[in-house]
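**Student:** the following comprises the amino acid sequence and a computationally predicted model.
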Amino acid sequence: MYQYTPEMGGAKPDCQMEASRGYYGGHWFIDTPLEIKGRGITFLKKYTDKDFCTPGHYRVGWNEYRVTNKAFDKLKEQYTISQEVCLD
């Protein structure tokens, strides 16, 4: 798991997945070009141009998943995952 802070000049690492924490902490949201399956992993959608403000965004065609904490722990063992950490 690679965390970066853009506000402090941190560059986004080149990883297989991008993760963001669910609002109440019970799950994670994963964006990835890979197709993943398993217990605790729910496919939400495939990103299109309409999902972004600028056409041709790099995540067009990627998949969005909702993942439980336990499933996320297993994904961390198999894949490289980046997480953007914003300062308050």
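**Tutor:** Right, received. Where do you want to start?
**Student:** now A71: closest residue in space that isn't a chain neighbour?
**Tutor:** Here the nearest residue to A71 in space, its sequence neighbours aside, is G40; by C-beta to C-beta, 6 or more residues apart in numbering that works out to 3.2 Å. For glycine as for every other residue, the C-beta is placed from the backbone atoms N, C-alpha and C.
**Student:** wait, that neighbour sits on V67?
**Tutor:** Yes - applying C-beta atoms under 8 Å, one finds G40 in contact with V67, separated by 6.2 Å.
**Student:** those two: which is more packed in?
**Tutor:** In terms of neighbours (other C-beta atoms under 10 Å), V67 is the more surrounded of G40 and V67; the figures are 22 against 17.
**Student:** find the nearest non-adjacent residue to the more buried one, please.
**Tutor:** Ranked by C-beta to C-beta, 6+ apart and with sequence neighbours excluded, the top spatial neighbour of V67 is W28, at 4.8 Å.
**Student:** so the one you found is in which element?
**Tutor:** strand 27-32 (DSSP states H and E).
**Student:** for the very next helix or strand once past that strand, buried residues please.
**Tutor:** Scanning forward in sequence from strand 27-32 by DSSP H and E, the next helix or strand is strand 41-46. Going by neighbour count (16 or more other C-beta atoms under 10 Å), the buried part of strand 41-46 is I41.
**Student:** now the angle from strand 41-46 to strand 27-32?
**Tutor:** 50 degrees (axes from the mean of the first three to the mean of the last three C-alpha atoms, to 10 degrees).
**Student:** helices or strands next to the following helix or strand past strand 41-46 in the packing?
**Tutor:** Per DSSP H and E, the first helix or strand lying C-terminal to strand 41-46 is strand 63-68. Using 3 or more C-beta pairs under 8 Å, 6 or more residues apart in numbering; DSSP states H and E, the elements in contact with strand 63-68 are strand 27-32, strand 41-46.
**Student:** again, only using 10 Å
**Tutor:** strand 17-21, strand 27-32, strand 41-46, helix 69-78 (3 or more C-beta pairs under 10 Å, 6 or more residues apart in numbering; DSSP states H and E).
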